[in-house]
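1. Build me a model from this:
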Amino acid sequence: MGQLPKWAQECGKSRLHRTLLPLSKEGQIPPEVESRNLFNMNNLKESTRNRLHIDASRGVAGDMLLAALIDLGVPPEVVISPLSEALPAHSLEFVTESRRGIGGCRAMVESAEKSPPHRRLPDLLEALDHPIFPPPVQQMAASVYRRLAEAEAKVHQSTVEEVHFHEVGAIDAQVDIIGILLALHWLDPIEIIVSAPPLGSGVVKAAHGIIPIPAPAVVELLRGVPVCAGPQDRELTTPTGAAVITAIAAGYCHAAEGKLIAQGWGIGTRVAPAEDPPNMLRVMLLETSEETTETVAVLETHFDHLSGEEAGGVIDGLMEAGALDAVLVPAWMKKSRPGQLLTVISKPEDRERLIREIHLRTGTLGVRDRLQQRSVLRREESEIEVSGETLRIKKAWLGDHLVSIRPEQDDLRATARKIGISLAEMRRRVDFEIEKAGSNQ
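-> Below is the predicted model:
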């Protein structure tokens with residue numbers, strides 16, 4: 001997990017279907033909850049190609065994500081023993097509740113510290129140095145803490161070594177962060193996808209007094225991440241939540257894709273008003289196919305005002321600017337004008353820059369954009385000797401099956417020109433050498 005593996009009315013006060021899961025070594029999990037968790041656990045372990053989707057559209061906080069993973073089916077003891085042994089004295093309970101008819105789980109942490117010290121980054125890293133924590137969990141937790149320290153240091157104009165952790169340094173935040181990573185380590189997804197987190201608005205009371213929402217540290221943590229507004233006048237994404245999702249996310253997409261296996265709901269402390277969505281976070285586990293998937297931004301625009309000469313350099317310019325792919329397709333537009341449809345595929349983090357490039361290079365008045373998942377075959381690059389020259393060869397794999405092998409087109413063209421033969425003859429020689437190399441294996 002240096003990367004994590006491949007990897008309606010609220011009923012809060014009535015506490016319907018309430019069950020306590022004490023996280024002490026002596027605590028007993030009620031039979032009905034234990035059997036439900038065992039059923040989910042068996043389902044979760046049937047496949048080794050599972051993707052986890054975190055639906056953060058209603059907000060994300062550390063306690064909600066931890067509770068959602070337990071509700072998904074991660075055994076509570078996976079979190080119980082390591083935290084109780086390695087961290088200062090605390091109690092942790094998982095409470096099953098129903099909000100607007102949706103059953104979920106709420107994590108409740110209480111520290112035995114009467115006046116928690118203001119911890120710094122070295123203090124948090126030292127707490128991770130315990131043999132009960134698996135090395136991948138230690139590495140990822142350290143990454144989360146460093147991300148938080150960098151964000152807080154920038155906000156407070158301090159250094160990562162000297163900045164004080166207030167809310168995040170408290171035991172409950174440490175329980176949330178390490179507990180989430182222990183649960184993910186057990187779950188072992190091949191990929192984690194997160195929906196765009198909401199920012200919220202208004203003000204919130206923090207250690208330094210009343211501060212605006214989103215908190216300045218949250219803004220720093222979410223730099224380069226697609227976000228949405230969300231309901232107003234409340235905090236929706238906490239610093240802990242932002243630090244965790246940005247550390248573990250392989251990409252961001254609004255919807256899950258794959259064969260659904262299970263879902264889990266984490267319930268927040270705040271009871272949302274009736275006109276708002278419930279204060280709940282959902283995680284979904286999905287079985288994926290053998291192809292690898294990745295999140296890309298798809299950018300599109302139509303235009304009918306450019307001549308062929310003017311449109312000719314658009315594709316090359318966008319590829320040079322960092323697009324993964326770009327294509328122009330003839331289109332018949334309003335007022336019976338011949339025009340063109342430009343589609344650009346980019347990395348999500350390059351989206352805004354390439355939208356600007358599209359505006360500048362085409363003069364179009366608007367660009368549509370969306371995040372999508374695409375399947376990507378596993379690719380390898382090797383070299384082959386042909387007629388005394390070295391060419392690069394691209395291979396594509398679907399699982400263990402080789403589905404494509406072909407030379408790099410630029411190398412093919414350059415080599416044909418160098419030895420004075422046609423491109424077709426060069427390709428024939430390359431195909432012969434590839435076939436010969438395959439028959440010798």
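2. Spell out the residue ranges of the helices in the stretch 1-150 of the chain.
-> 31-44, 62-72, 77-86, 121-128, 135-156 (DSSP state H, counting those that start in this stretch).
3. Next: the stretch 251-400 of the chain.
-> In the stretch 251-400 of the chain, the segments counted as helices under DSSP H, counting those that start in this stretch are 308-312, 314-320, 351-362.
4. Next, the buried residues of the last one.
-> Put plainly, it is helix 351-362. 351, 354-355, 357-358, 361-362 (16 or more other CB atoms under 10 Å). From N, CA and C alone the C-beta is placed, and that goes for glycine too.
5. strand partners of the strand of greatest length in the chain, parallel vs antiparallel please.
-> When every strand of the chain is counted residue by residue (DSSP state E), the longest turns out to be strand 292-303. Strand 292-303 sits in its sheet next to strand 337-346 (antiparallel), strand 368-376 (antiparallel), going by DSSP bridges.
6. and it, which residues are buried?
-> Judged by neighbour count using 16+ other CB under 10 Å, the buried positions of strand 292-303 are 292-299, 301-303.
7. hmm, back to that, most tightly surrounded among the helices of the stretch 1-150 of the chain?
-> Counting by mean count of other CB atoms under 10 Å, helix 62-72 has the highest mean neighbour count of the helices of the stretch 1-150 of the chain, with a mean of 28.
8. That one - contacts with which helices or strands?
-> Helix 62-72 sits against helix 31-44, strand 90-99, strand 102-111, helix 171-187, helix 239-248, strand 259-267, strand 280-287, with contacts defined as 3 or more CB pairs under 8 Å, 6 or more residues apart in numbering; DSSP states H and E.
9. and if we set it to 7 Å?
-> With contacts taken as 3 or more CB pairs under 7 Å, 6 or more residues apart in numbering; DSSP states H and E, helix 62-72 sits against strand 102-111, helix 171-187, helix 239-248, strand 259-267, strand 280-287.
10. Lowest average pLDDT across the strands paired with strand 292-303?
-> Per-stretch mean pLDDT for the strands paired with strand 292-303 is lowest at strand 368-376 (a mean of 88).
11. how far off helix 351-362 does it point, in degrees?
-> 120 degrees (axes from the mean of the first three to the mean of the last three CA atoms, to 10 degrees).
12. For strand 368-376, C-alpha coordinates in CSV please.
-> Provided in CSV are the C-alpha atoms of strand 368-376 (Å, rounded to 0.1, in the frame of the first residue of the first chain):
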residue,chain,number,x,y,z
ARG,A,368,-18.1,20.8,-22.3
ASP,A,369,-16.2,18.5,-19.9
ARG,A,370,-16.9,15.4,-17.9
LEU,A,371,-14.9,12.8,-16.0
GLN,A,372,-15.1,9.2,-17.3
GLN,A,373,-13.7,5.8,-16.7
ARG,A,374,-11.8,4.1,-19.5
SER,A,375,-10.4,0.6,-19.7
VAL,A,376,-6.6,0.4,-20.4
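13. which residue is nearest the centroid of this structure?
-> residue 249 (2.1 Å; CA atoms, centre = their mean).
14. what's the spacing between the closest residue to that residue other than its chain neighbours and residue 364?
-> Distances taken as CB to CB, 6 or more residues apart in numbering place residue 194 nearest to residue 249, at 4.4 Å, with adjacent residues excluded. Per CB to CB, to the nearest Å, residue 194 is found 30 Å from residue 364.
15. Thank you kindly, that will do.
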